[in-house]
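**Student:** Got a predicted model here, sequence first, then my questions.
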Amino acid sequence: MLRVRGALAGLAALLLGGAAQAAPPFPDAQATDPVVLGWMVGSPPPAERTIRFEDGSFLKFPQLRWTFSHWRELFPTAAVWRGPGPVSALPRAPRDDLDAVSFTPLGGGAPMTWGQSLAANYTDGILVMHRGKVVYERYFGALKPEGTHIAHSVTKSFVGTIAAMLVAEGKLDPDALVTRYIPELKDSAFGDATVRQVLDMTTGLEYSEVYTDPKSPAWDFVRAVGLLPRPAGYSGPTTSYDYLKTLKKAGEHGQAFSYKSVNTEVVGWLVQRAGGKPLAQQISERFWTPLGMEQDAYLQVDSVGSGYAAGGLNLSLRDLARFCEMMRQNGRFNGRQVVPAAVVADIAGGARREDFAKAGYATLPGWSYHDQWWVSHNDHGAYMARGVNGQACYVDPKAEMAIVRFASHPQSSNVYLDPLSLPAYHAIAQHLMRTP
């Protein structure tokens, strides 16, 4: 039992991004390519190449390199319909000079090229847009242009953007207590929290995502939403709604940023209450239809069909690019104002950096967190959506650039990817500005 619990602790940390520890050595991207290794090939596949949910193998490394591109084969999902309209154009102006762009990793060390960084970060797919055109697009491993990939916590930024739109429409009051919209949470930690505090993750919660501790409340969360197998005899919460009611307060709200995925589950509940429709339907109507996405996306759901707001969106790389390019263009895309420009400006403006600093992110000095987006406050005004194991949407307004990436890095925490990713993104931005 202890062995199983220890293994699942590692799996849960992969899902939600537990505390960073010293990175153990792993085989490189080429040696762990899921196509080369032959995962899930055959009718049926041989036992040693079979990946399952119930035994936890779906999130072991290197199996997860297959799983991330096949997520909905293992979990229940709701469709995010692309709508009846035509696919929007993604004009192309491919460049062959980006792979050679070099940068110095955070903290120093030998220079590395953009091309080298892709394998080093176990990239599954990456796309760069500049001035509205696709200038670079690559796929690796199990991901293909027509395929979808789990976005993990990049999902939070989709949900947070809808919440910000509802605020702009007067359907959500950021200064109101959460309980105005969700009275069921009156006896929980969120009973005296405001909408703004859950949106910016400045709540004080008796909750941690420390998966080496078998008593961590996060265990109940991942089991409740169906992210991990439940042990025999489990009698805890079986939905996100029921789990959120159990959370207790610790400290005061509004004092410091603390990244806890349960906040986004509350945001998802708020969006569904204020918007009056299921989360998958709102994502479809707010983004997929007006953006002219190429294909349907899929949102993981729990046992009552509630969308997993904290990390359940599966979509194609190009459709993620459409969303991020829309944000780069101040909410406009496909001939439509999809998100009000004032909403985008507010997101890009960020929140209180002094609140964020208390969280101690060594690779993100001077950043903030606002409406479920990470804001750099650098001289380019860059901000991004981030997900465990390397999922990213990086918006650089000054460089007129957006970069989207799917990855299957063996380490969940972005602290292992940031030293290469962040300077690489900035180097590409500077190169595009110098040589448009």
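**Tutor:** Yep, it's here. Numbering: from 1, shown residues only.
**Student:** which residues of the stretch 201-350 of the chain fall in strands?
**Tutor:** 297-300, 313-315, 332-333, 336-337 (DSSP state E, counting those that start in this stretch).
**Student:** Deepest in the core, which of those is it.
**Tutor:** Highest mean neighbour count of the strands of the stretch 201-350 of the chain: strand 313-315, a mean of 29 (counted as mean count of other C-beta atoms under 10 Å). Using the backbone N, CA and C atoms, a C-beta is placed for each residue, glycine as well.
**Student:** And that strand, what does it pack against?
**Tutor:** Applying 3 or more C-beta pairs under 8 Å, 6 or more residues apart in numbering; DSSP states H and E, one finds that strand 313-315 contacts strand 77-80, strand 149-150, helix 154-168, strand 297-300.
**Student:** State the mean pLDDT of it.
**Tutor:** For strand 313-315, the mean per-residue pLDDT is 98.
**Student:** Need the residues that contact the helix ranked longest in the chain.
**Tutor:** Criterion DSSP state H: the longest helix present in the chain is helix 418-434. Identification of contacts with helix 418-434 by C-beta atoms under 8 Å, 6 or more residues apart in numbering yields 97-98, 101-107, 112, 114, 117, 120-121, 128, 130, 135, 363-364, 378, 380, 382, 390, 392, 394, 396, 398-401, 403, 405, 414.
**Student:** among those residues, which are in helices?
**Tutor:** Using DSSP H, the contacts of helix 418-434 in helices are Trp114, Ser117, Ala120.
**Student:** Which among those residues count as buried?
**Tutor:** In those, burial by neighbour count holds for Trp114, Ser117, Ala120, counting by 16 or more other C-beta atoms under 10 Å.
**Student:** if I read this right, the last one contacts Met112, doesn't it?
**Tutor:** Put plainly, it is Ala120. Yes. Contact criterion C-beta atoms under 8 Å: Ala120 and Met112 qualify, at 7.2 Å.
**Student:** ok so, going back, now render the strands of the stretch 201-350 of the chain as TSV, adding distance to Cys324.
**Tutor:** Output for the strands of the stretch 201-350 of the chain, formatted as TSV (distance: least, C-beta to C-beta, whole Å):
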stretch	distance to Cys324
strand 297-300	14
strand 313-315	11
strand 332-333	10
strand 336-337	16
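**Student:** now for those strands, which one comes closest to Gln282?
**Tutor:** Shortest distance between Gln282 and those, using C-beta to C-beta, is found for strand 297-300: 10.2 Å.
**Student:** hmm, back to that, now a ChimeraX select for only the buried ones of the contacts of helix 418-434.
**Tutor:** The buried residues among those can be selected in ChimeraX (16+ other C-beta under 10 Å) with this line:
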select :98,101,102,103,105,112,114,117,120,121,128,130,135,363,364,380,382,390,392,394,396,399,400,401,403,405,414
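**Student:** For the stretch 51-200 of the chain, which segments count as strands?
**Tutor:** Ranges of strands within the stretch 51-200 of the chain are 77-80, 102-103, 112-113, 123-130, 133-139, 149-150, based on DSSP E, counting those that start in this stretch.
**Student:** Out of those, indicate the one that is most buried.
**Tutor:** Mean neighbour count (mean count of other C-beta under 10 Å) peaks for strand 149-150 among those, with a mean of 27.
**Student:** Run the chain-centre distance for that one.
**Tutor:** Put simply, strand 149-150 sits 10 Å off its chain's centre (C-alpha atoms, centre = their mean, to the nearest Å).
**Student:** Quick one: mean pLDDT over it.
**Tutor:** Confidence for strand 149-150, expressed as mean pLDDT, is 98.
**Student:** thinking again about what came up before, what's the angle from the longest helix of the chain to strand 123-130?
**Tutor:** Relative orientation of helix 418-434 versus strand 123-130 (axes from the mean of the first three to the mean of the last three C-alpha atoms, to 10 degrees): 30 degrees.
**Student:** ok now stretch 326-337, how far from the chain's centre?
**Tutor:** The answer for stretch 326-337 is 21 Å, by C-alpha atoms, centre = their mean.
**Student:** what's in contact with that stretch?
**Tutor:** 88, 129, 132, 161, 290-292, 322, 325, 338-341, 343-345, 347, 393, 395-397, 400-402.
**Student:** how long is that stretch end to end?
**Tutor:** Length of stretch 326-337, first residue to last, C-alpha to C-alpha, to the nearest Å: 9 Å.
**Student:** what do you get for stretch 265-283?
**Tutor:** Criterion C-alpha to C-alpha; first-to-last residue distance in stretch 265-283 is 15 Å.
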